[in-house]
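[1] Predicted model, plus sequence, below.
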Amino acid sequence: MSRSVTTGSSPTPGTDRAADRPADSPGGVLASRRRRRLFGLGVLLALLVLSCLLSILIGAKTIPVGAVWQSLVASTGSENDLIVWQLRIPRTLVGVLVGCALGLAGGLLQGHTRNPIADPGLLGITQGAGLAVVLAVYTLGVTSLFGFVWLGFLGALLGALAVFAIGSVGRGGATPVTLALAGAALSALLQAITSALVLLDRQSLDTYRFWKVGSVAITDVSVVWQVLPFLAIGLVLGLANASGLNALSLGEDVARSLGHHVRWSRGLGIAAIAVLVGASVAVCGPISFVGLVVPHVARFITGADHRWLLPFSALLGSCLVLLADIAGRVVARPSEIQVGVMLAMVGAPFFIVLVRRRKLVRL
């Protein structure tokens, strides 16, 4: 009689007593999974370093590896030195920062909305930044990149706050469904207003068309320093939101029973998304598909634990943006294809696969 009680359910074939060991024991399943995840982080860091080196080495002009090294360690002001320091290094830094921000924002956004096809454009952030840029050109005559950065960031932030405010109306407050619906409605409205303005003014149309394509070809390092504090704040807020996001994935009632403040967790996540995407879009324009593709790849590697998924998404985003930018420089030499176009070529087939493979879509 006691034997039937203790066994309960029969073990599955292929298991042994190692599965019954404590999770923190050296031979435990969780310890093995942790080692694999740490190894994966190490691989991604190595891939990121390699991507940065390739981004500095490869460009429209072929520069020997020795000449690039000489420019890095002992710059003399030659043409090669100017290309490396004023073109390729700022471009690489922007690619790393923007890819990290968009990958992390995509992981946060899909987690909070429980929507497997959510990307940063869902919350009106991209459209808010676009409208702000067009208004700056149309009404204020702004033409400098500095103006685009600050006004684009302001528009992105206001767009995200508007979506969150609209989605919070009602007894239930902000939920994944209300946020998605509010974001879709506001995004359509902002896009319609932007389209009307660019049709009325040729200068606004030209500026918006250049900004809309999405590019990391930034030659002014001071722009990086302007947005770096915002990206750092967004990174800290996003990673701090991981535990709350894990609790919310179990349901709001369970999250409350575990001691998490649901509205605070959602507000923290939305703030991180707005800051990360707002700063990125303001600098580079709307770079699509990073926030859609990267979280699914990270989830396939790490599982649903956001404490690991978010760092993996950040690193994968940086690698993807840099590699796409490098590919754009190679396939169209001596010209180049903007990184936004290259990522659309990669993201569209992935989106089709994502829709057809139902198992991959589940969150």
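    Nice, thanks for sending it over.
[2] In the host helix or strand of residue 165, which residues are buried?
    Element membership of residue 165, judged by DSSP states H and E, is helix 145-168. Within helix 145-168, the residues that count as buried by 16 or more other Cβ atoms under 10 Å are 145, 148-149, 151-164, 166-168. Any C-beta I mention is one placed from the backbone N, CA and C, and that applies to glycine too.
[3] The following helix or strand past it packs against which elements?
    Proceeding N to C from helix 145-168, the next assigned helix or strand is helix 176-200, under DSSP H and E. On a contact count with 3 or more Cβ pairs under 8 Å, 6 or more residues apart in numbering; DSSP states H and E, helix 176-200 meets helix 89-113, helix 125-135, helix 145-168, helix 202-212.
[4] how far does the first one sit from the chain's center?
    Yep, that's helix 89-113 we're talking about. Distance, stretch centre to chain centre, for helix 89-113: 3 Å (Cα atoms, centre = their mean, to the nearest Å).
[5] Ends of stretch 333-344, what's the gap?
    End-to-end distance of stretch 333-344: 19 Å, with Cα to Cα, to the nearest Å as the criterion.
[6] that older thread, for residue 232, which of the helices and strands packed on helix 176-200 is the nearest?
    Between residue 232 and those, the shortest separation by Cβ to Cβ is 9.4 Å, and it involves helix 89-113.
[7] what angle do the closest one and helix 176-200 make?
    Orientation check (axes from the mean of the first three to the mean of the last three Cα atoms, to 10 degrees): helix 89-113 against helix 176-200 gives 140 degrees.
[8] who touches stretch 76-94?
    Applying Cβ atoms under 8 Å, 6 or more residues apart in numbering, the contact partners of stretch 76-94 are 52, 55-56, 59, 61, 63, 67-68, 70-72, 75, 216-221, 223-224, 283-284, 322, 325.
[9] Just to be sure, which of these are found in helices?
    Among the contacts of stretch 76-94, the residues falling in helices (DSSP state H) are 52, 55-56, 67-68, 70-72, 221, 223-224, 283-284, 322, 325.
[10] among those, which ones are buried?
    Among the ones in helices among the contacts of stretch 76-94, those scoring as buried are 52, 55-56, 68, 70-71, 223-224, 283-284, 322, 325 (criterion: 16+ other Cβ under 10 Å).
[11] By pLDDT, rank the residues you listed and give me the bottom one.
    The member of those with the lowest pLDDT is residue 223, at 77.
[12] how close does it sit to residue 270?
    25 Å (Cβ to Cβ, to the nearest Å).
[13] Wait, residue 135 touches residue 197, no?
    Yes - between residue 135 and residue 197 there is a contact under Cβ atoms under 8 Å: 7.1 Å.
[14] Can you get me a residue count around the nearest residue to residue 224 once chain neighbours are set aside?
    Spatial nearest neighbour of residue 224, chain neighbours left out: residue 93 (5.4 Å); criterion: Cβ to Cβ, 6 or more residues apart in numbering. Per other Cβ atoms under 10 Å, the neighbour tally for residue 93 reads 19.
[15] do the same with residue 293
    Neighbour count for residue 293, taken as other Cβ under 10 Å: 23.
[16] quick revisit: taking helix 125-135 as reference, get the angle to the helix holding residue 165.
    130 degrees.
[17] counting contacts, what elements does helix 145-168 pack onto?
    helix 125-135, helix 176-200, helix 221-240, helix 262-284.
[18] From what I see, residue 132 and residue 150 are in contact.
    No - Residue 132 is beyond contact range of residue 150, at 9.2 Å (criterion: Cβ under 8 Å).
[19] Distance to residue 33 added to the helices and strands packed on helix 145-168, as CSV?
    As requested, the helices and strands packed on helix 145-168 are exported to CSV (distance: least, Cβ to Cβ, whole Å):
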stretch, distance to residue 33
helix 125-135, 34
helix 176-200, 27
helix 221-240, 20
helix 262-284, 25
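[20] Tell me which of those helices is the most buried.
    By mean neighbour count, with neighbours taken as mean count of other Cβ atoms under 10 Å, helix 125-135 ranks first of the helices and strands packed on helix 145-168 at a mean of 27.
[21] Could I get the average pLDDT for that one?
    85.
[22] which strands and helices sit next to that helix?
    If you count contacts as 3+ Cβ pairs under 8 Å, 6+ apart, helix 125-135 packs onto helix 145-168, helix 176-200, helix 202-212, helix 262-284.
[23] what's the spacing between that helix and its chain's center?
    18 Å.
[24] now it against helix 202-212, angle please.
    For helix 125-135 against helix 202-212, the angle by the same axes, to 10 degrees is 150 degrees.
[25] So which residue is smack in the middle of the chain?
    Centroid-nearest residue in the chain, with Cα atoms, centre = their mean: residue 102, separated by 1.6 Å.
[26] Was I right to think that residue contacts residue 287?
    Yes - because the distance of 6.3 Å satisfies Cβ under 8 Å, residue 102 is recorded as touching residue 287.
[27] overlap in contacts of those two?
    Among the neighbours of residue 102, those also in contact with residue 287 (Cβ under 8 Å, 6+ apart) are 280, 321.
[28] Now name the helix or strand holding residue 81.
    helix 79-82.
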